[in-house]
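Asker: Below is the structure, and that's it, no one-letter string:
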């Protein structure tokens, strides 16, 4: 996963409530396929997007604002346990983390979708997932989380609902722990400082365009590209309903080949949700003159 894809994963943490569960399923499906990542994207996303942690954000791949029953459950976990989980995840940055030892079966994939919803509605596991420091120490034929690698070691046989709920529960706990850890708080302060710096650059360049103007530019371009189909796409929003449009430093996207040069190196990222495919139409717009510098889908 390259830098730009990670950035989009971080953006997905904030999207509107109606899309959150579908994207969780998509991310979960990738994990269940047995794919592993050379970067712990859950930890990276939570840390980089932690400026909304105070509003209740928890990290990838869990909902931006958890259901009240889940939040209550997370708050009952001892602080020492949460600190330990955060320390564990932070230590996994040099390993192939966030994987499964085998792909989910078709039946497990279908049950997983239902169980994610059940969990959000308060259907929690009766027990907790077993953990081991290494794969060699994991009990054979038993569901177990391997701390050293961040991999869920799955039994060869079809998992029970209880086992799958234990996985979901553990993912929530890890995500909650990371988003409320000291690294997230430091990232929040860094994010605020960066936002002020970008605003200052715009002021020095004459003020630039507003967020509303950037959104209108993106809407017109979307309409030109898709015609009537554009009417069915909704602007990506935060969980509270506000639009998810932010200022970014163009240097954050060094791997992107922009169509033209930015006036001050400050851009808006405006994206629209595509419900059928859970994907995006998005635009990087120069925050000074409103030129569309890059289009992504």
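Answerer: Now that the structure is in, tell me what you want to look at. Since we're looking at a predicted model, the values are computed, not measured.

Asker: which parts of stretch 179-191 are buried?
Answerer: 179-181, 183-185, 187-188, 191 (16 or more other Cβ atoms under 10 Å). Using the backbone N, CA and C atoms, a C-beta is placed for each residue, glycine as well.

Asker: In a markdown table: the residues you listed, plus distance to residue 104, pLDDT and secondary structure.
Answerer: A markdown table is the format used below for the buried residues of stretch 179-191 (distance: Cβ to Cβ, whole Å; pLDDT from 0 to 100; DSSP: H, G, I helix; E, B strand; the rest coil):
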| residue | distance to residue 104 | pLDDT | secondary structure |
| --- | --- | --- | --- |
| 179 | 26 | 79 | helix |
| 180 | 29 | 82 | coil |
| 181 | 29 | 82 | coil |
| 183 | 30 | 78 | helix |
| 184 | 29 | 74 | helix |
| 185 | 35 | 75 | helix |
| 187 | 32 | 72 | helix |
| 188 | 34 | 72 | helix |
| 191 | 35 | 75 | helix |
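
Asker: Low-confidence regions, the stretch 1-150 of the chain specifically.
Answerer: 1-67, 93-98 (pLDDT under 70).

Asker: Walk me through the domains of the protein.
Answerer: Domains of the chain are assigned by automatic domain parsing as 3-183, 205-296.

Asker: As a check, name the ranges of all helices in the chain.
Answerer: Using DSSP state H, the helices of the chain run over residues 3-12, 17-32, 41-48, 68-76, 79-90, 106-120, 161-179, 182-204, 211-226.

Asker: Redo those as TSV? Include distance to residue 138.
Answerer: Below are those laid out as TSV (distance: least, Cβ to Cβ, whole Å):
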stretch	distance to residue 138
helix 3-12	28
helix 17-32	18
helix 41-48	21
helix 68-76	26
helix 79-90	16
helix 106-120	19
helix 161-179	14
helix 182-204	28
helix 211-226	49
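
Asker: circling back: and the domains of the chain: which comes nearest residue 199?
Answerer: Comparing the domains of the chain against residue 199 with Cβ to Cβ, the closest turns out to be domain 205-296 (7.1 Å).

Asker: ok, back up a step: TSV for the domains of the chain, including distance to residue 198?
Answerer: Formatted as TSV, these follow (distance: least, Cβ to Cβ, whole Å):
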stretch	distance to residue 198
domain 3-183	13
domain 205-296	4
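
Asker: Which one, of these, ends up nearest to residue 195?
Answerer: Here domain 205-296 is closest among the domains of the chain (Cβ to Cβ), at 6.4 Å.

Asker: How far does the closest one stretch from one end to the other?
Answerer: Distance between the two ends of domain 205-296: 26 Å, counting by Cα to Cα, to the nearest Å.

Asker: distance between that domain and the chain's centre?
Answerer: Put simply, domain 205-296 sits 19 Å off its chain's centre (Cα atoms, centre = their mean, to the nearest Å).

Asker: Stretch 198-211 now?
Answerer: Distance, centroid of stretch 198-211 to centroid of chain: 28 Å (Cα atoms, centre = their mean).

Asker: do stretch 136-152 as well
Answerer: With Cα atoms, centre = their mean, you get 25 Å for stretch 136-152.

Asker: now stretch 149-158
Answerer: With Cα atoms, centre = their mean, you get 23 Å for stretch 149-158.

Asker: State the distance from residue 105 to residue 129.
Answerer: 19 Å (Cβ to Cβ, to the nearest Å).
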